Structure formats: structure tokens, C-alpha cells
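# output the structure for:
(one chain, ligands or ions: 1)
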Amino acid sequence: MTHLRLILGDQLNPCHSWFQETQGDVIYLMMEIRQETDYVLHHAQKILAIFAGMRDFARGLTEAGHRVHYLCIDDPQNRQSLPGNLDHLMGALQVNRFEYQAPDEWRLDAQLAEYCAGQSRPWCKVDSEHFYSARDAAAQQFAGRKQWLMEHFYRHMRVTHQVLMDANNRPSGGQWNYDHDNRKRWPGTPFEPEDMRVRHDHSALWASIVAAGVGSFGQPNAERLAWPLNRAEALVQLDDFIEMALPHFGDFQDAMSSHAWRLFHSLLSFALNTKMLNPREVVGKAEAAYRAGLAPLAATEGFIRQILGWREYVRGVYWAQMPGYESLNALGHSQPLPSWFWDGKTRMRCLAHAIGSSLENAHAHHIQRLMVIGNFALLAGLDPQEVHRWYLGVYIDAFEWVELPNTLGMSQFADGGLLATKPYVSSAAYIDRMSDYCKGCHYDKKARLGERACPYNALYWDFFQRNKTQLEGNPRLSMVYRQLSIMDGGAVTALQERALTLRASLDSL
Ligand code: FAD
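The predicted structure is shown next:
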């Protein structure tokens, strides 16, 4: 009589109720499988950190007295797929009941549901006990609405969970949102906090991943892997962030710098998305720092909005829109990714830094993802599905439930404006205002035309001209279309011609 409980690679939560007591008839199953390494080409650090985290988790369970069956990537018994391994182990371990935690990705949820439907043994899907809200929370709140505004969702979450609220049930400080205070350029001080993350040598694990034939891209950094691999390390990282970076998070949330890749961001997304940390404790510690006078309200609210607001909201959008959302392409974009998405070798300094950081660290912060890389992809008309697969592969924190709405919806406007009220695009002026990238760039940030003109400029005007039919009616874009309408016809044609040349030669920019 054996109960088999499956733990997926992003379910590394030792506080789950499953583990509160040890039971001799329960076996926990964890597996490193090609199905998961190969559904998209992943960054080397992502594969390494997930496998290393899984091994650490399995060790912890065993030390706590639980029975664990762990399949390594190079185990000859490993069938390399969920159903393949389950089929084999159900018999080999004489399983009479199967349980799993609700997966966050649609494809795994569907695969396990299908597997269980074909089983004669009893089975059960339990909650992952991680998120604030249910999968269908956004669908319920926005039923019948054309646009799903994050701000509405966020305010509802603040009230429901009593986060940053005063005694009269009003938002702390009287405002819901301090976004306007959170848009400063970083002048170089205060200094970026030291990167205190623990480093691990996982070169042996990396060698076995390579020997097993798993493909990847980006720097493995296997001798000094810097991502937290268990809850204890993640908690230390959380405390360091609250103490050293949170007080400045708000001011420089949207800033970018070629001298600092992390700035005042938390780097907690990997620990959160693998469930080493619970969003409640992260939000709780940030709020406690504000109440103790250790962090300003604007910074605390800005940080909490990302987790209590954006993170829960995009998950709700994902579950409401899947399947189908992954293939949306409202603007009909089809350009392939330029080659420098894979090596960072472009003369555009902002992209060289943002993509370079992504390849080196498996991370880029939000504004680099949205207003440098995503902005370029949208202006240049890159195929949103290719863009989605690149984002899903490259970032340490990329799991489809959070990556897809951010990439396809927020960044590429491929859902036609369900998630974003207007396309997130800009010319060079925005990038110059928020960063030091334009100084020393091969291209001229001010010029629109000519060989050395910054490509963002002509692409920006061409984007709006090209998509006029779909976008002109959007009230948030009335200013752009007014500007276009008073532009000399010849100037618009010249910009379109320059954009055409750029789009035909993306690889050489
Ligand atoms: P911080 O800036 O310190 O923010 C704190 C936390 O808030 C993050 O750890 C994260 O959990 C949460 N958060 C912030 N912004 C968002 C958001 N827009 N959606 C959901 N959660 C958010 N985030 C992912 O976790 N996985 C992804 O695959 C992912 N893909 C993205 C793709 C694009 C095109 C864009 C524009 C954003 C994407 N994000 C993604 C959101 C955000 O960029 C990352 O969460 C953030 O950069 C992670 O770094 P951090 O932990 O230092 O975040």
C-alpha cells in the first residue's frame, strides 16, 4: 500500500502541509526529465538552478524522515517524461493512490489531468498552497469586461488581504499607487547594494547535464551559481533586500544603468516562482519595514504592487485565457529574432547590455525586459511567439504562467490590448531619460534618419503608421496620432523607408 506524491521542479515549498508529518506509506517522487529541459531552449543557469534546487529539496525531505524516489537526468531508469516515469513507477513501487500539487503551467496541468483520467487507481490534485488568489480570481472579477485593468485587481487584493491599509480601510498614506514617485534616473548613488547571494559550485551537476545531451544557451556559471537553492538561502536574500535595497526600490524602479545590472531589485523571482518563498511572507516583511520606519511608503507600495498586484493578476489572466492565449498575434507580426538575441552582439548599447545581462545572469530587470528588449521586438515587428519562446527560455524565473502574459500581453500587445491599455513602446528619448545607455552608443539618440540614427526612432514612428487602423482609435494614443498627422508627408515616408531598411537588416544593427 503506497501513496505516490509527485513534486514538480517549481514546487520546492517545504512548508506545504504534505510535509508536516512523515508517513511510512508515502513516497515523494521527483524527476529531472528531458520533457522539461526540452520544451523550449533554456538558459544554462535555469536548468542548473532548478535541478540543484530539486536535489537540495529531496535531501531535505530525506533528512526529515520522508521517503523520496529521485530520478536524476542520467539515471538509466529515467523514461524522461512524466507519463513514462509514472507508468513505470506505479507498478514498480506498487502504488495504490497518486497525488500531485496543482501545476502552474497549463501544459502540465492538462498532461497530468489526462494521465489521471486514464488511471484505475484513486488520485487527487491538491492546492500548491502558494498564491493569494485562486486561479479563476481574475476571470471572476473581470467577467464580461473588454479590458482587464491590473489596478482594479490590485485594489481589490489590498482590501481583501488588508495589505497597506489604515484603520478606516483606506490605503495607507491616502493613495493607492505611488507610481509617479517611482520614475527617477539613477545618478550612481546611492551605490547598488553588494550582491550578497551565496555562491555554489555545481560544476559536477552541470557536467552531467551536458553529458546527458541537454541543449542550452547563456553562461552556466556552474562554479559560482548565484541563485538561492533552498528556503533558508532565499530567506537570507529576502532580509538583505529589505534592509539594503527596498528603501531605494521605489525611486529607481524604472532606472537602468550600464554600470549596474541589478540596481535595487530584489532578485527574488526565482525563489518565489519555485515556491521556496511564499508571497505573503515577502509582502509581510516589506510592509513591516514600512511600518517600522525603515522604508518609505512609495518604495514599499511599489514593491508590494509587483507581488500582490502584477504577479497574482498575470496568473489570473493566464488561467482565464489558456489555452489559445499563447498563439495570439493581434498585430500580425512575423519577423524572425535577430541573431544577437543569442549573443548580445549589437551596436545598440542598450540592447547589448540588456541582452548581455540576460545571457550572463539569466536575469534582466523589468524595465530592461519591457522597455529595451520588448520595446525593440514590438517596434521591429518580431514574431511574438518567437519572442515568447526566447523569454521563456532565457530568464531564471520564466515559467509560462507568469512569462506569457508579460511577454505576449504586456510587452508585445499580441492580445490586442486585453492586458495593456496601450502598446509599451518608446523612441530613444525614454531610454535616454531612464538610463546611461545612449552615452557612447554607436547610434545617435536624437537623429531619426541616416545610417547612425538610433533605430528606435524611425521604428517608433513607423510602428504607429503601420498599425494605424488598429491603434488610432485608442484614446491613450491620441497624442501620437496627432503628432503624426501634423508631420510633413515626406518626413513620414522617409521614416517609413528608414524603418523598412532597418527591418530588412536587423542582424547587422
Ligand atoms: P523585483 O523588481 O524586485 O520585483 C519583485 C517581485 O515582483 C518579483 O520577484 C516578481 O515576483 C514580482 N513581479 C514584478 N513584476 C512582475 C510582473 N510584471 N509580473 C509578475 N510578477 C512580477 N517575471 C517572472 O517572474 N517570470 C517571467 O518569466 C517574467 N517574464 C517577463 C517578461 C516580460 C516581457 C516582462 C516585461 C516582465 C517579465 N516578468 C517576469 C516580470 C518582471 O520583469 C520580473 O518578475 C522581475 O524582473 C524579476 O526580478 P526581481 O525578482 O528582481 O523583481
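# pLDDT weak spots in the protein?
Within the chain, no stretch has pLDDT under 70.
# now the strands for it?
Counting by DSSP state E, the chain has strands at residues 2-6, 26-31, 67-71, 95-101, 123-126.
# those strands into JSON lines, with extra columns for mean neighbour count and distance to W176?
Heads up, the C-betas are built off the backbone N, CA and C, glycines and all. Formatted as JSON lines, these follow (neighbours: other Cβ atoms under 10 Å; distance: least, Cβ to Cβ, whole Å):
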{"stretch": "strand 2-6", "mean neighbour count": "20", "distance to W176": "40"}
{"stretch": "strand 26-31", "mean neighbour count": "21", "distance to W176": "42"}
{"stretch": "strand 67-71", "mean neighbour count": "17", "distance to W176": "45"}
{"stretch": "strand 95-101", "mean neighbour count": "19", "distance to W176": "33"}
{"stretch": "strand 123-126", "mean neighbour count": "14", "distance to W176": "34"}
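# now those in JSON lines, with distance to D109?
Shown next, in JSON lines, are those (distance: least, Cβ to Cβ, whole Å):
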{"stretch": "strand 2-6", "distance to D109": "12"}
{"stretch": "strand 26-31", "distance to D109": "17"}
{"stretch": "strand 67-71", "distance to D109": "21"}
{"stretch": "strand 95-101", "distance to D109": "10"}
{"stretch": "strand 123-126", "distance to D109": "9"}
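# can you say which of these is nearest to the ligand?
strand 95-101 (18.7 Å; Cβ to the nearest ligand atom).
# which of the strands of the chain sits closest to H365?
Counting by Cβ to Cβ, H365 lies closest to strand 95-101 out of the strands of the chain; the figure is 29.4 Å.
# quick one: the closest one to strand 2-6, angle?
If you take axes from the mean of the first three to the mean of the last three Cα atoms, to 10 degrees, strand 95-101 sits at 20 degrees to strand 2-6.
# ok, and what's touching strand 95-101?
Applying Cβ atoms under 8 Å, 6 or more residues apart in numbering, the external contacts of strand 95-101 come out as 1-8, 11, 16, 18, 27, 86, 89-90, 112, 116, 119, 121-129.
# picking up where we left off before, so which of the strands of the chain is nearest P190?
strand 95-101 (40.8 Å).
# alpha carbons of the closest one, as PDB, please.
Output of strand 95-101 as PDB, limited to C-alpha atoms (Å, rounded to 0.1, in the frame of the first residue of the first chain):
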ATOM      1  CA  VAL A  95       1.300   2.500  -5.800                       C
ATOM      2  CA  ASN A  96      -2.400   2.400  -4.900                       C
ATOM      3  CA  ARG A  97      -3.000   6.100  -4.700                       C
ATOM      4  CA  PHE A  98      -1.500   9.000  -6.700                       C
ATOM      5  CA  GLU A  99      -1.400  12.700  -5.600                       C
ATOM      6  CA  TYR A 100       0.000  15.900  -7.100                       C
ATOM      7  CA  GLN A 101       0.000  19.600  -6.400                       C
END
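# next up, the contacts around the nearest residue in space to A226 that is not next to it in sequence.
With sequence-adjacent residues excluded and distances taken as Cβ to Cβ, 6 or more residues apart in numbering, A226 is closest to R197, at 4.6 Å. Counting by Cβ under 8 Å, 6+ apart, R197 touches 226-228, 233, 237, 267.
# quick check: Q368 touching M256?
Yes: between Q368 and M256 a contact is recorded at 6.0 Å, counting by Cβ atoms under 8 Å.
# give me the common contacts of these two.
353-354.
# state which helix of the chain is the longest.
In the chain, with assignment by DSSP state H, the single longest helix is helix 44-63.
# roughly how far is that one from the heart of the chain?
20 Å (Cα atoms, centre = their mean, to the nearest Å).
# repeat for stretch 79-97
Counting by Cα atoms, centre = their mean, stretch 79-97 comes out at 32 Å from the chain centroid.
# how long is it from one end to the other?
Here the two ends of stretch 79-97 are set 21 Å apart, with distance taken as Cα to Cα, to the nearest Å.
# next: stretch 249-257.
End-to-end for stretch 249-257, by Cα to Cα: 14 Å.
# wondering if that stretch reaches the ligand at all.
No: Stretch 249-257 is not in contact with the ligand by Cβ under 6 Å from any ligand atom; minimum separation 6.8 Å.
# contacting residues for T37?
Contacts here follow Cβ under 8 Å, 6+ apart; on that basis T37 touches 47, 73, 209, 214-215.
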